[in-house]
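A.B. asks: structure for the following, please:
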Amino acid sequence: MRLSTKGRYAVMAMADLAKNGRGAGGEIRAVSLAEIAARQEISLSYLEQLFARLRKSGLVKSVRGPGGGYRLAKGADETVVAEIVLAVDEPIRATRCVAHGTPKGCMLAGERCITHNLWEDLGDEIHRYLAGVSLEDVVMNRTGRRRQHVDPPVAVEAAA
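C.D. replies: Numbering: from 1, shown residues only. As a prediction, this is how the structure comes out:
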């Protein structure tokens with residue numbers, strides 16, 4: 001399964017907002033989309049589209065006027081990655097079937113392919129993982145990824 005650019009960029013932008021949404025004294029500040037666009041190398045017009053959806057979903061609040069921009073609607077520790085991905089209309093699924101959880105499948109006759117349950121379970125695991133990762137986890141690099149070097153497995157030759 002591949003997460004689309006829309007979902008990835010929304011998470012990148014929200015993580016940037018979480019990281020840079022506090023001033024030097026710890027006070028909450030609005031961050032402009034131009035700042036996020038420059039730091040994350042994302043088109044400003046694309047960010048505007050994404051943030052319209054994020055605002056509609058209640059994940060960010062807009063601030064008008066000088067020093068305006070966006071703020072997180074709730075704490076970075078309370079905002080999970082799955083919410084962000086779903087807010088920009090990106091279903092988290094790995095099957096090629098149209099509707100998740102319905103008996104209609106992706107085959108020509110309407111049945112499910114032989115690997116349907118495998119991919120549906122994978123999509124569920126991805127969603128479960130992303131629902132367990134907050135923006136704070138992303139910013140603090142606490143996503144559970146192994147940081148230690150692991151040697152590749154040694155090949156064992158079969159006896160002849």
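A.B. asks: helix, strand, or coil at Glu78?
C.D. replies: Three-state call for Glu78 (DSSP: H, G, I helix; E, B strand; the rest coil): coil.
A.B. asks: give me the low-pLDDT residue ranges for the protein?
C.D. replies: For the chain, applying pLDDT under 70 flags the ranges 1-2, 90-104, 145-160.
A.B. asks: same thing but 50
C.D. replies: Along the chain, the parts satisfying pLDDT under 50 run over 1, 146-151, 160.
A.B. asks: show me what contacts Ile36?
C.D. replies: Shown in contact with Ile36 (C-beta atoms under 8 Å, 6 or more residues apart in numbering): Ala13, Asp16, Leu17, Asn20, Ile42, Leu47. To be clear about C-beta, it is placed using only N, CA and C from the backbone, and glycine gets the same treatment.
A.B. asks: again with Glu83
C.D. replies: By C-beta under 8 Å, 6+ apart, the neighbours of Glu83 are Ser57, Leu59, Ala131.
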